[in-house]
Each structure stands twice: as C-alpha cells, then as structure tokens.
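Novice: Predicted structure and sequence below. I'll ask about it afterward.
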Amino acid sequence: MTSLPRHTEKKLGLVIDLDTCVGCHACVVACKEWNTGGYGAPLADADAYGSHPMGAWLNRVHTFEVTPPDAPAQIVHFPKSCLHCDNAPCVTVCPTGASYKRSEDGIVLVDESMCIGCGLCAWACPYGAREMDPVANVMKKCTLCVDRIYNENIPEVDRVPSCVRTCPANARHYGDLADPQSAVSMLVAERGGMDLMPEMGTRPVNKYLPPRPKMKAASEALPEAVPGFLGWLDRALERLG
Amino acid sequence: MHPAVSVIFFTVTSGAGFGLIALIGLGWPMHDGPLSAFLACALAGGLAVAGLLASTFHLGHPERAWRAFSQWRSSWLSREGVLAVATLALFAAYALYWMLTGQRAMPLGVAVAVLALLTVISTGMIYASLKTVRQWHSVLTPLSYLGFALASAMPLAAAIGTDRSVRTIVLAAGVLAVAWLIKLAWWRRARASEFMPGSDTGTATGLGGIGKARLLERPHTGENYLTKEMVHRIGRKHARVLRLIAGGAGFVAASAFLALALVALPGIFLSLAFASLIAGLLAERWLFFAEARHSVSLYY
C-alpha cells in the first residue's frame, strides 16, 4: 500500500555529523558489502572491472567546499543515503505498492518482488537516494539495515546499520528520532541538526549536524614595522624598489 | 532528465490515440458501414495501445506491469493505467455496438470521451506531480498534454472522417494554435525557474547557512544511475535546433497543411498536417525530458 502511514510509532533513522566525517568512504563500502549479501537481490555492478564500471550503491559520500563570508573555505564531506522521510514522495508515486513506509518504525522499503522497475520513485526523490539495480532491474534503496537492527543472530553490538557500525570517526549515529530522550534526538537538539531541502516538504527523519564554526583566518596584512634583521632587510629591499 | 525513446513515443502516440478516441466518442462524423467503423476505432485504439505497449519497454520488469493497476489511490502512474484500460474497454464496447447496429451510442460515447481525456490528463499529472522537477511541476503540464492530444487527433479525425468543412478545419487550426500557446507559456515558465524556489546547493547540503557551497568532488569517478537518468546533459546540447523543429514541423508546417486542405486534396493535406504535427511533437517531447532539471543535480 503506497499511502503513507499517518503516524509511525518510532522514527528510526541516522544522524550524520558533517563536522567529524573525514570522507574515508568506509560507510559506503560497508553498506555495499552488507547489502550485497543481505536483504533482497544482491547490490549489483555492471562492467565492474571494465572501462565503464557502474553499479548500484545505497550510500555515497560527496565532497563540498563551503566559503563563509569572513573565513577561509572549508571542505565538508557529505555522506548521502535515504533519509526515510515522513512525507516520502517516493512511496506515494509507486504504481504497484512495492514501495512502502512501515508504520511501526518508519523505515521506507521496497518489496522487490512487486517492483516493475519503472523508476518513477527515483524521479520523485529530491535527494537521489534510490538507484536501479543494473542486474536485477528493481529499485534499490537504503533499508536502514533492517536485516541487522532486529537480527538476534548477530551480537547486540552489531545490531545497528552497517555504515554506523563501521564509521571510524563516529560521524554516524543511529536511533529513534521520535523519542526526544534518545541519544540521537539529544544530539540533534544540542548541535542544531538540520533537514536537507526542507522546501521540498519531505520531512526527512535523518538529520545532519552542521560543521562547527572554524577559527577565523589570521590577517594576511603584514605588520607595519618589523624589528631586527628582518626589519632591516625589509627596509633595504624596499629602497631597492 | 534522460529522454527515453519509449516514453517519448508513448506520450505522443497515446496522446493522439486517446484524443481520437474522445473525438469518435463525441460523435465525430465517420463513413457509414461496419468496416469503416472498425477501421476508425482500430486506428484510434491502435495508436493508444501502441503507446501503452511502448511505455512498458522502459520497465525493468514488464511482466509485472499488471501490478501497476493497484495503487490508484496515491499514484498518478497507476491512475493513468486504470483510466487507460477503462477507456479502452468501454471504447471496445462502443465500437462493437457501432459495428453491429450502425448506431453511435451517444451516452456511452460521452463516457468514453471523458475517460479518454482524463487518461491524457493523468499522463501529464505523472510529471506534474513531481516537485523534484520544477519545470514539470505545473498545471500547464497536463494542460499541454491535453492540448496536443486534441490538436493531433483533430486533423487525423478529419482525414479519416466525412466532415472536411471549412468550419472543422479552421477549428482544428484553432485547437493547434491554443495547444502551442499553452506550450509557449510552459516554455516561458520553464526558463524562468530551473529548480524549486529556494533550492540550491546550500539547501541541498544544509551548508547554505555557513556560506557559499559548491561541489568539490563527486562521490565516484564514473557515471551512476542517477547521473545517467537525472543529471543528463547531452540531450540539451541541441535544444535550440530541436525547438525550431518542434515549432517548424508541429506548428508552421502543420498549419500550412491545414490551410492547403481548405483549397485542395483535403484527405492528403489533413494526413500531412497530422504527420508533421507528430514529428514536431516528438521533438517537443524530447525537449520536455532532456531540458528538465532534477533537484538531484544539485548534488552533482
């Protein structure tokens, strides 16, 4: 059923810290590894060892540069995966009912046996969170590692999404964003967690923590008078033109 | 957006097909006899079905296409499928009754016409409902689909039917002009607003509050599904030439052929008007996809 649930008991999702992400792509690789052997069809590649490799990935790290008006430019590594939106446009456009949002935990999933591979959900997603599998021809997306987080066959410490488990910088956090007392909710409140493209009205569950303000750059102007040998050299060279 | 040939063919052909179904349903004068009734209905239904079949070619799993009839409560794509099948089923009944009795069942025909036009509108709504593509997200999108469906069906109906009066041909030219006026308004609006108002790399990354954000490095060196499907750029390269072809064949030539049909050989010139309009619409539809900018481009 592609109508969205009016309310979800939990809002399981990720909080991604843009301040601490170092852009190592470990989460990208861990995601690919887990989702090639886990839920649904393997996350395939086409021409993996050829000249034009192309594959489906559920998590990718972009790198941006942001220049504040009064400080030097800084680099921000930007991991992007499904935001499990409350008002998920990818779900309502699905003609078959393959896309759905779970009322119990808010996870957005694709039932691959019902997907006709029309691609409309990928068009409806503002964030580019969905990719067509080049081999199975069905739509793939982040499952929030639904086959890990409830999996009692793996140690408790591993019952978090693969990307979160692997992040060496602790830039990825997983939890229930509907519970204001959860660690992720408190992190969002404390650090000013933000939505991506709020103007799209998607109401994403995943939040991003903005980079902390960096120190101002030292003034580039030279001091007026320099004492000692360097001062003498400066004055001597000045006289030479 | 990537202009898929199957989808371009589908929207143009089924638009003309459902437009013709609507005109026949509304009682467009046709030749007498079961054979001409059959041929007229087969042409209209055939165009619509050919378009619908083409649309399944871009599916990853065409064998599961029947599942697309289930989610009409929320999905315009599903609504379009349901409406298309309902139209064709009622139209088949209308055609059968016409062939067997020689009578045009008017109430049934009107119902067929309404359903056919709703089908065309829902095709437009598939695109208009996407907030992610600002150029499409407008009431002008379904209006222009509706306009072109009727504009392409009218010369075809006149070519195969019995009414080739001056009034009818002038009406066809008028509908063609209105359809292109809607498209001009659509193009004007599309030029004015590339992305949703307020959307830029700053809102896409949330970094806009800090300062000016720009992409430094893509997440990978090659292409991916998103860049091929939605960050498509090659199709825009020849936009100016394609726009000239669209307007030249779809409006100037089609209008000229309609004018010639008033003078001599109406059957031939009406068919030529239809053919040149379809050629122009194929270019117009290519641009509809190729020039559309998806918000995911803000990440690439």
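Specialist: Everything's here; your move.

Novice: what about B:Ser36, how many neighbours?
Specialist: Neighbours of B:Ser36 under the rule other CB atoms under 10 Å in any protein chain shown: 16. Heads up, the C-betas are built off the backbone N, CA and C, glycines and all.

Novice: Which residue does the stretch 1-150 of chain B have closest to chain A?
Specialist: Proximity of the stretch 1-150 of chain B to chain A (CB to the nearest CB) peaks at B:Gly60, 1.9 Å away.

Novice: sec struct for the most far-flung residue of chain B relative to its centre, please.
Specialist: Relative to the centre of chain B, the most outlying C-alpha is that of B:Ile210, 43.3 Å out, by CA atoms, centre = their mean. Using DSSP: H, G, I helix; E, B strand; the rest coil, the three-state assignment for B:Ile210 comes out as coil.

Novice: So for B:Lys237, what's the pLDDT?
Specialist: You'll see B:Lys237 listed with a pLDDT of 79.

Novice: Okay, now the unreliable bits of chain A?
Specialist: For chain A, the stretches with pLDDT under 70 are A:1, A:215-223.

Novice: What separation do you get for the closest residue to A:Arg130 other than its chain neighbours and A:Ile16?
Specialist: Nearest residue to A:Arg130, sequence neighbours excluded (CB to CB, 6 or more residues apart in numbering or on different chains): A:Ala122, at 4.2 Å. According to CB to CB, to the nearest Å, A:Ala122 and A:Ile16 sit 21 Å apart.

Novice: contacts for the helix or strand B:Leu258 falls within?
Specialist: If you go by DSSP states H and E, B:Leu258 is part of helix B:254-263. Residues from elsewhere that reach helix B:254-263 (CB atoms under 8 Å, 6 or more residues apart in numbering or on different chains): B:155, B:158, B:164, B:166, B:169, B:172-173, B:176-177, B:269-270, B:272-274, B:276-277, B:280.

Novice: mind exporting it as CSV, just the C-alpha atoms?
Specialist: Output of helix B:254-263 as CSV, limited to C-alpha atoms (Å, rounded to 0.1, in the frame of the first residue of the first chain):
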residue,chain,number,x,y,z
ALA,B,254,1.0,21.6,-39.7
SER,B,255,-0.9,24.9,-40.0
ALA,B,256,0.2,25.3,-43.6
PHE,B,257,-1.0,21.8,-44.4
LEU,B,258,-4.4,22.6,-42.7
ALA,B,259,-4.6,25.8,-44.9
LEU,B,260,-3.9,23.8,-48.0
ALA,B,261,-6.5,21.2,-47.0
LEU,B,262,-9.1,24.1,-47.4
VAL,B,263,-8.0,24.5,-51.0
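
Novice: mean confidence score for that helix?
Specialist: Across helix B:254-263, pLDDT averages out at 96.

Novice: My understanding was that the residue farthest from the centre of chain B contacts A:Pro211; is that so?
Specialist: Yes. Taking CB atoms under 8 Å as the definition, B:Ile210 is a contact partner of A:Pro211 at 7.0 Å.

Novice: Now list whatever residues contact both of the two.
Specialist: Joint contacts of B:Ile210 and A:Pro211 (CB under 8 Å, 6+ apart) are A:Val66.

Novice: following the helix or strand hosting the residue nearest to A:Arg130, which helix or strand shows up next?
Specialist: Secondary structure from DSSP H and E places A:Ala122 in helix A:120-124. Using DSSP H and E, the helix or strand that follows helix A:120-124 towards the C-terminus is strand A:131-132.

Novice: Please see if that next one touches chain B.
Specialist: Yes. Using CB under 8 Å from any CB of the partner chain, strand A:131-132 reaches chain B at A:Glu131, A:Met132.

Novice: That strand: what's the following helix or strand?
Specialist: Counting by DSSP H and E, the next helix or strand C-terminal to strand A:131-132 is strand A:139-140.

Novice: Check which helices and strands that following strand is in contact with.
Specialist: Applying 3 or more CB pairs under 8 Å, 6 or more residues apart in numbering or on different chains; DSSP states H and E, we find strand A:139-140 packed against strand A:131-132.

Novice: If we use 7 Å, what do you get?
Specialist: Counting contacts by 3 or more CB pairs under 7 Å, 6 or more residues apart in numbering or on different chains; DSSP states H and E, strand A:139-140 packs against no other helix or strand.

Novice: What are the boundaries of the strands in the chain?
Specialist: All of this refers to chain A. Here chain A has its strands, by DSSP state E, at A:12-17, A:45-46, A:54-55, A:59-67, A:74-81, A:99-101, A:108-110, A:131-132, A:139-140, A:172-176, A:207-209.

Novice: my bad, the chain I had in mind was chain B
Specialist: B:212-217.
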